[in-house]
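Asker: attaching a predicted model along with its sequence, questions to come.
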Amino acid sequence: MSRIGRKPITLPTGVTASVDGAVVTVKGPKGTLSRTLHPDMRAKLEGSTLTVERPSDETRHKALHGLSRTLVANMVEGVSTGYKKSLEIQGVGYKAEPKAYGINLVVGFSHPVEIRAPDGIKLVVETPTMVRVEGINKELVGQLAAEIRNVRPPEPYKGKGIRYVGEVVRRKAGKTGAK
């Protein structure tokens, strides 16, 4: 059996879940998330515990078992505590500006780059060089943070660009002078 798949998911206080066939809906203090699981996987709700079961020991069912359980666990954590990803901007003149629709990034291009926040995601500019992506959906938070980083990934020579907080960028030596 999948070690991850067989672990039960305990619902914290204030979080409720409902299972309707293959659709799992989780409601909590931060919001509501819903997901349709693979038709082979079955979710069962017993009291304040959610479990995911698989029909057989086929390899693909084992893989789907762990995946489905993790997706549901991420939904439970999202509606109870939420997710955050922080990014830092390094470079002379590089900055982020808060706007009504999201943020504007000034990162060395001839134009500012607009980043629009999708529904359920909040973009917070803590300082002009620190941006935080917050939301209840782990996939959307990670995807938006990756898109922001992709606007200007950190380069290895001077380290300029957008990086995750705590990300280590390996630096390279530049050209050596002529002999």
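Answerer: Done, it's in.

Asker: list the buried residues of the longest helix along the chain.
Answerer: Ranked by residue count under DSSP state H, the longest helix found in the chain is helix 59-80. For helix 59-80, a neighbour-count test (16 or more other C-beta atoms under 10 Å) marks 61, 64-80 as buried. The C-beta positions use only the backbone N, C-alpha and C, and glycine is treated the same way.

Asker: show me what contacts the residue lying closest to Y83 once chain neighbours are set aside?
Answerer: Distance criterion C-beta to C-beta, 6 or more residues apart in numbering; nearest residue to Y83, sequence neighbours excluded, is V141 at 4.5 Å. V141 makes contact with Y83, K84, K85, I121, V133, E134, G135, according to C-beta atoms under 8 Å, 6 or more residues apart in numbering.

Asker: who does the helix or strand hosting the third one touch, helix- and strand-wise?
Answerer: With secondary structure defined by DSSP states H and E, K85 is part of strand 83-90. Packed against strand 83-90, as judged by 3 or more C-beta pairs under 8 Å, 6 or more residues apart in numbering; DSSP states H and E, are the following elements: strand 130-135, helix 138-151, strand 161-164.

Asker: please tabulate the ones you listed in CSV, including the columns mean pLDDT and distance to Y94.
Answerer: Below are the helices and strands packed on strand 83-90 laid out as CSV (pLDDT from 0 to 100; distance: least, C-beta to C-beta, whole Å):
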stretch, mean pLDDT, distance to Y94
strand 130-135, 96, 11
helix 138-151, 95, 10
strand 161-164, 95, 8
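
Asker: okay, these in TSV with distance to R3 next?
Answerer: Listed next are the helices and strands packed on strand 83-90 as TSV, based on distance: least, C-beta to C-beta, whole Å:
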stretch	distance to R3
strand 130-135	29
helix 138-151	21
strand 161-164	29
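
Asker: check what pLDDT V72 gets.
Answerer: We have a pLDDT of 94 for V72.
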